[in-house]
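Chemist: Just to be clear, the model below is a prediction. Sequence and coordinates:
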Amino acid sequence: MIEFAHVFKSYSSEHPVLQDVTFRVGPGEFVFVAGPSGAGKSTLLKLVAGLEPPSKGRIEVNGQRLDQLTPRATPYLRRAVGVILQDTHLLYDRSAIDNVMLPLAVAGHPHATAASRARAALQKVGLSEKERANPLALSGGEQQRLAIARAIVNRPALLIADEPTANLDRETARKVMTVFKDFNQVGVTTLVATHDEDLMAEFAHRVLVIEPGRLRDFPVRRAS
Ligand SMILES: Nc1ncnc2c1ncn2[C@@H]1O[C@H](COP(=O)(O)OP(=O)(O)OP(=O)(O)O)[C@@H](O)[C@H]1O
């Protein structure tokens, strides 16, 4: 599903952020990406999403070599990968359901189909009651769940999220993480960047730890 082979990433001529990173995530896995602040977690997720190019190395996502992606194939990759970035990029002049319908409108679905799929997505994240609400009227946890609904509405094979529980209290963070677990349990490969040790300890997981200069891979640990 995701394969990195000897990937390097620098933003400038300075020290590379990622150096010789090699790993593989198989279909249906749930993987945390951890590491200290500034280690390159967001960078790694952006490379997976095709939002940043690698400086060197090979990246394959959902059977596609990202460096060989043709303009025609790009929209298919975009739909196969649901992305939730640190800034959720919700549109605050639209309702919750309009936010979720947007990727479907972009993909050319008729309004009625988009509305019913958006409703199903809102239901999956527990926001059915809030479909007409403005995102600004939602709590932090609800906004995260809305961003998840928008990311999964195109039924992606892979879901990636950058610190989706930052700034949330413990109980809300657990609820948001449970939403990811639920999608993972129906087969969606899930990659979540976090530095929340408690959440990593609670949810069964494999952890990729990015440290300056290397990547450590901890296989699945069961929550005790
Ligand atoms: N667009 C950019 N241009 C230049 N440098 C960047 C850019 N994005 C990130 N960096 C630098 O790359 C390094 C890694 O940043 P990144 O955001 O990937 O780390 P992170 O592990 O996600 O950090 P945090 O946990 O604080 O979010 C940092 O030194 C950062 O300043």
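Modeler: Received it, and whenever you're ready, just let me know what you need. Residues are numbered from 1 along each chain as shown.
Chemist: Report the central residue of this protein.
Modeler: By C-alpha atoms, centre = their mean, the mean C-alpha position of the chain lies nearest to I160, the distance being 1.6 Å.
Chemist: ok, and the closest non-adjacent residue to it?
Modeler: L191 (4.5 Å; C-beta to C-beta, 6 or more residues apart in numbering). C-beta coordinates here come from the backbone N, C-alpha and C atoms, glycine included.
Chemist: With the ligand as the reference, measure out to I210.
Modeler: 7 Å (C-beta to the nearest ligand atom, to the nearest Å).
Chemist: can you map out the helices along the protein?
Modeler: 41-48, 74-80, 96-106, 111-124, 140-152, 170-185, 197-202 (DSSP state H).
Chemist: Kindly reformat those helices as JSON lines containing mean pLDDT, mean neighbour count and distance to the ligand.
Modeler: Formatted as JSON lines, the helices of the chain follow (pLDDT from 0 to 100; neighbours: other C-beta atoms under 10 Å; distance: least, C-beta to the nearest ligand atom, whole Å):
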{"stretch": "helix 41-48", "mean pLDDT": "93", "mean neighbour count": "22", "distance to the ligand": "3"}
{"stretch": "helix 74-80", "mean pLDDT": "79", "mean neighbour count": "15", "distance to the ligand": "20"}
{"stretch": "helix 96-106", "mean pLDDT": "94", "mean neighbour count": "21", "distance to the ligand": "24"}
{"stretch": "helix 111-124", "mean pLDDT": "94", "mean neighbour count": "17", "distance to the ligand": "27"}
{"stretch": "helix 140-152", "mean pLDDT": "91", "mean neighbour count": "23", "distance to the ligand": "16"}
{"stretch": "helix 170-185", "mean pLDDT": "89", "mean neighbour count": "17", "distance to the ligand": "16"}
{"stretch": "helix 197-202", "mean pLDDT": "88", "mean neighbour count": "14", "distance to the ligand": "13"}
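Chemist: Put together JSON lines for those, with distance to Q86 on each row.
Modeler: Converted to JSON lines, the helices of the chain look like this (distance: least, C-beta to C-beta, whole Å):
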{"stretch": "helix 41-48", "distance to Q86": "7"}
{"stretch": "helix 74-80", "distance to Q86": "19"}
{"stretch": "helix 96-106", "distance to Q86": "17"}
{"stretch": "helix 111-124", "distance to Q86": "21"}
{"stretch": "helix 140-152", "distance to Q86": "10"}
{"stretch": "helix 170-185", "distance to Q86": "14"}
{"stretch": "helix 197-202", "distance to Q86": "16"}
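Chemist: Could you check how far the closest residue to R132 other than its chain neighbours is from E131?
Modeler: Once flanking residues are discounted, R132 sits nearest to S95: 5.2 Å by C-beta to C-beta, 6+ apart. Distance of S95 to E131, computed by C-beta to C-beta, to the nearest Å: 7 Å.
Chemist: okay, these two: which has more neighbours?
Modeler: Neighbours were counted for S95 and for E131 using other C-beta atoms under 10 Å; E131 has more, 19 against 16.
Chemist: Excluding chain neighbours, what is closest to that one?
Modeler: Spatial nearest neighbour of E131, chain neighbours left out: I97 (4.1 Å); criterion: C-beta to C-beta, 6+ apart.
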